[in-house]
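In: Below are the sequence and a predicted model for it; my questions follow.
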Amino acid sequence: MSKLSTKAAAALVGLSVILSAAAQLLFRYVMQNVDPGTGISAGHWFVELAALPGFFVVMLALGIAFYSGSMLAWIFALSRFDVSRAYPLLSLSYVLVYVAAVALPGLHETATWSKFIGVMVIVAGVSILSLGEDSTRPARHTDA
């Protein structure tokens with residue numbers, strides 16, 4: 001197995017964040033189109049989701065695929081980054097989801113000062129955590 005470079009691992013962390021955010025946005029979009037009178041109940045969730053028009057089922061499946069891709073990218077990224085340094089970067093998906101939810105017309109989210117300040121606190125926190133020591137660790141060598 002080839003060794004994952006630091007740049008490739010960083011790209012995988014970024015890919016994981018983007019895919020996770022995209023999945024959340026797709027889930028929100030689909031759930032906005034569920035009949036508000038019924039919603040999704042615990043006992044009949046599969047039937048209710050399957051009753052959605054085909055387009056929304058495809059969007060839901062795409063969201064699940066994005067989440068799965070996010071998980072795989074994350075697993076591979078952790079082969080190079082310490083989880084204590086990489087995990088805070090996942091919070092950037094909150095920032096992406098907020099910005100996209102406000103910017104995309106189909107999601108009907110509102111921008112408020114408190115949400116904006118919260119997003120800035122997240123960005124500041126990730127920035128502070130990114131300073132300092134090297135976030136990579138040497139690849140383990142095994143003789144197989």
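Out: Okay, I see it. This one's a predicted model, so the numbers in the text were calculated from it and none came from an experiment.
In: check contacts around the spatially most central residue of the chain.
Out: Residue closest to the average C-alpha location in the chain (Cα atoms, centre = their mean): residue 20, at 1.8 Å. Taking Cβ atoms under 8 Å, 6 or more residues apart in numbering as the criterion, residue 20 is in contact with 66, 67, 70, 90, 93. Where you see a C-beta, it was placed from the backbone N, CA and C, and this is true even at glycine.
In: measure it to residue 49 for me?
Out: Taking Cβ to Cβ, to the nearest Å as the measure, residue 20 falls 20 Å from residue 49.
In: again, but for residue 123
Out: Taking Cβ to Cβ, one finds residue 123 at 34 Å from residue 49.
In: Show me what secondary structure element comes after the lowest-mean-pLDDT helix or strand in the chain.
Out: The helix or strand of the chain with the lowest confidence, counting by mean pLDDT, DSSP states H and E, is helix 45-50 at a mean of 69. For helix 45-50, the succeeding helix or strand toward the C-terminus, using DSSP states H and E, is helix 54-77.
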